[in-house]
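J.: Below is the sequence, then the predicted model.
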Amino acid sequence: MSYSSIILLLIFSLLLSITPTMAGKPFRARAVILPVTKDPSTNQYISTIFQRTPLKPVKLTIDIGGKALWVACDKPEYVSATYRPALCHSPQCKLAKSTSCGNCWDGPRPGCNNDTCSNVVYNTVEKSGQIGELATDAFAIRSTDGSNLGRVTRVPNLLFSCGSLFLGEKLANGVKGILGFGRTETSLPSLLSNSLGIAKKFAICLSSSKGVLFLGTGPYVMLPGITISNLLTYTPILTNPISTVYPVIKDFPDHSWPSMEYFIGLNSIKINGKTLKLNKKGNGGTKISTVEPYTVLQTSIYNAVTKAFTKAISRVPKVDPVAPFGMCYKASSLGSTRLGPGVPLVEFVLQNNVTWTFFGANSMVYVNNSDVVCLGFVDGGKKVRTSIVIGGHQLEDNLLEFDVGRLRVGFSSSLLGRRTTCGNFNFTSRA
């Protein structure tokens, strides 16, 4: 049985064991937690929520910059006794900043009701969108003390958007929507902060197989008892005044509201300790993304990085590149360390003069189960909306804390140097 199946079975069995009296008791958690897995065929990071009545596990792709929680409501996929559409001009519509009301002639059913408000639902993986119905439904999640699983806590009416499976064509197999963590009032951190009274922040720790997502106050503890929250270095969260989410007409950026994604200030890039001369272009500096599998660089930045990396490793022969990468090597010629292939350091010097260091495990990518390893940065083209997008591979085995209330991002750098990984949260015991 796979790791994700074991975790789902554990959580679901505990949810089913809750009596009505227990479920009705108020329970105030300081933090809640979700397991994360990586889908190898799409490189998407997946989590599973429990929603509806009766509760049902729903797999969703994680987008830390996503606007909201959206779930496919196609019939007969969505069945729930506690589904409630958000009526026109209701508080839920105002929270979602929805100004459109509509009718639906194929209902009533989840996703299709009269006199309800709607909003644009984005699939940021496919870079497309559609109109969806706002609604609420029951939601359950496990609490945590930072080291172990705690009690189940419930939200009777969590706000979400009803989309369609048609919008999810490029999502991983079995995924029914997107779990958004962006800087909006409809993202999961905001909704749970309002519903449960937890801090408006989250921490994500990804790996090539399994990981963990904390919402609320730390600490964040990995086996064997290593408190990662003590290792974090912080840099400010910046606001891009231009939205970088692709609208339905994707060639035209939306200037009507600022970006909901997480941007940080990048002062310089160093390769092997030497600072690069960069010609940064684009509509907004540097953002962090779980949707892009690898870090994407505007062409002039990509050229500067690859040129410096090639020079620093000039004695190692290259091999034919493997898409989407441009620089590949024979892995055995590089050697290996506890922190990955033995290659020069890639350092991002950030605002507040703090440095985020990428060792070989995050800068290099093994391909096709072969002896080929490639520099894990991708050329995004000359005309880009965002000059630098730090992608999922570079985040793996780094814990990142997004403190929305204090507008800062904390990062640990590689946990491999601390003799632990993002897969080492203790999901098998209870607090």
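T.: Good, I have the coordinates.
J.: who's in contact with residue 169?
T.: Contacts for residue 169 (C-beta atoms under 8 Å, 6 or more residues apart in numbering) come out as residue 126. Quick note: C-beta positions are derived from backbone N, CA and C, even for glycine.
J.: same thing but 10 Å
T.: 123, 125, 126, 128 (C-beta atoms under 10 Å, 6 or more residues apart in numbering).
J.: Next one: it from residue 324, what distance?
T.: Separation of residue 169 from residue 324 (C-beta to C-beta, to the nearest Å): 20 Å.
J.: Ok, residue 353 next?
T.: Applying C-beta to C-beta to residue 353 and residue 324 gives a distance of 32 Å.
J.: ok, the two, which is more surrounded?
T.: Counted by other C-beta atoms under 10 Å, residue 353 and residue 324 do not tie: residue 324 has more neighbours, with 14 against 8.
J.: any low-confidence regions in this structure?
T.: Counting by pLDDT under 70, the chain shows low-confidence ranges at 1-28, 245-257, 279-284, 431.
J.: Check which helix or strand the residue lying farthest from the centre of it maps to.
T.: What lies farthest from the middle of the chain is residue 315; by C-alpha atoms, centre = their mean that is 37.3 Å. For residue 315, there is no helix or strand it lies in under DSSP states H and E.
J.: Confirm for me that it is in contact with residue 329.
T.: No - contact between residue 315 and residue 329 fails when scored by C-beta atoms under 10 Å: they sit 11.0 Å apart.
J.: Residue 368: neighbour count?
T.: Quick note: residue 368 (other C-beta under 10 Å) scores 7 neighbours.
J.: wait, what's in contact with it?
T.: By C-beta under 10 Å, 6+ apart, the residues touching residue 368 are residue 322.
J.: Could you measure from it over to residue 327?
T.: 16 Å.
J.: Residue 71 pairs with what?
T.: Assessed by DSSP bridges, residue 71 has beta-bridge partners residue 162, residue 177.
J.: so it touches residue 159, yeah?
T.: No - in this structure, residue 71 is not within contact of residue 159 by C-beta under 10 Å, at 11.4 Å.
J.: can you list residues touching both of these two?
T.: Joint contacts of residue 71 and residue 159 (C-beta under 10 Å, 6+ apart) are 135, 137.
J.: where's residue 118, which helix or strand?
T.: Remark: residue 118 resides in strand 116-123, with elements defined by DSSP H and E.
J.: Quickly list the domain ranges of this structure.
T.: 3-221, 233-411 (automatic domain parsing).
J.: what's the offset of the shortest one from the middle of its chain?
T.: Relative to the centre of its chain, domain 233-411 is centred 16 Å away, using C-alpha atoms, centre = their mean, to the nearest Å.
J.: helix/strand/coil for residue 393?
T.: When classified by DSSP: H, G, I helix; E, B strand; the rest coil, residue 393 comes out as helix.
J.: now the helices: where do they sit in the stretch 51-200 of the chain?
T.: Secondary structure of the stretch 51-200 of the chain, counting by DSSP state H, counting those that start in this stretch: helices at 91-95, 188-196.
J.: Just name whatever secondary elements the first one is in contact with.
T.: With contacts defined as 3 or more C-beta pairs under 10 Å, 6 or more residues apart in numbering; DSSP states H and E, helix 91-95 has these neighbours: strand 116-123, strand 128-144, strand 148-163, helix 188-196.
J.: Buried deepest among the ones you listed, which one?
T.: strand 116-123 (a mean of 24; mean count of other C-beta atoms under 10 Å).
J.: Mind giving me the packing neighbours of that one?
T.: In terms of contacts (3+ C-beta pairs under 10 Å, 6+ apart), strand 116-123 is packed against strand 56-63, strand 69-72, strand 84-85, helix 91-95, strand 100-102, strand 128-144, strand 148-163, strand 177-180.
J.: how big is the angle separating that strand from strand 128-144?
T.: Interaxial angle of strand 116-123 relative to strand 128-144 (axes from the mean of the first three to the mean of the last three C-alpha atoms, to 10 degrees): 90 degrees.
J.: number of nearby residues for residue 115?
T.: Residue 115: 12 surrounding residues under other C-beta under 10 Å.
J.: these two touch, right, it and residue 100?
T.: No - taking contacts as C-beta under 10 Å, residue 115 lies outside contact range of residue 100: 11.8 Å.
J.: overlap in contacts of these two?
T.: residue 88.
J.: now the residue lying closest to residue 403 once chain neighbours are set aside: how far from residue 315?
T.: Leaving aside its sequence neighbours, residue 403 sits nearest to residue 201 (C-beta to C-beta, 6 or more residues apart in numbering; 4.3 Å). Remark: distance between residue 201 and residue 315 (C-beta to C-beta) = 45 Å.
J.: just residue 90 next, same as before
T.: For residue 90, the distance to residue 315 - C-beta to C-beta - is 66 Å.
J.: can you pull up the bridge partners for the spatially closest residue to residue 61 that is not a sequence neighbour?
T.: Leaving aside its chain neighbours, residue 61 sits nearest to residue 44 (4.8 Å; criterion: C-beta to C-beta, 6+ apart). Assessed by DSSP bridges, residue 44 has beta-bridge partners residue 39.
J.: Please report the distance of residue 44 from residue 77.
T.: On the measure of C-beta to C-beta, residue 44 and residue 77 end up 20 Å apart.
J.: which one of these two has more residues nearby?
T.: residue 44 (24 against 14).
J.: ok, that one - contacts?
T.: 37-38, 60-63, 125, 170-173, 175, 178, 290-291, 293, 392.
J.: Could you pick out the buried ones from those residues?
T.: With burial judged by 16 or more other C-beta atoms under 10 Å, the buried subset of those is 37-38, 60-63, 125, 171-172, 175, 178, 290-291, 293, 392.
J.: Could you check how far residue 335 is from residue 342?
T.: For residue 335, the distance to residue 342 equals 4 Å [C-beta to C-beta].
J.: Quick check: neighbours shared by the two?
T.: With C-beta under 10 Å, 6+ apart as the test, residue 335 and residue 342 both reach 316, 360.
J.: Comparing those two, which residue is more hemmed in?
T.: Between residue 335 and residue 342, counting by other C-beta under 10 Å, residue 342 is the more crowded of the two (15 against 11).
J.: My guess is that one contacts residue 332. True?
T.: No - proximity of residue 342 to residue 332 does not meet the contact threshold set by C-beta under 10 Å, at 11.0 Å.
J.: and the gap between residue 203 and residue 149?
T.: Using C-beta to C-beta, one gets 16 Å for the distance from residue 203 to residue 149.
J.: Relative to residue 107, which of the helices of the stretch 51-200 of the chain is closest?
T.: Checking these against residue 107 by C-beta to C-beta gives helix 91-95 as the closest, at 17.9 Å.
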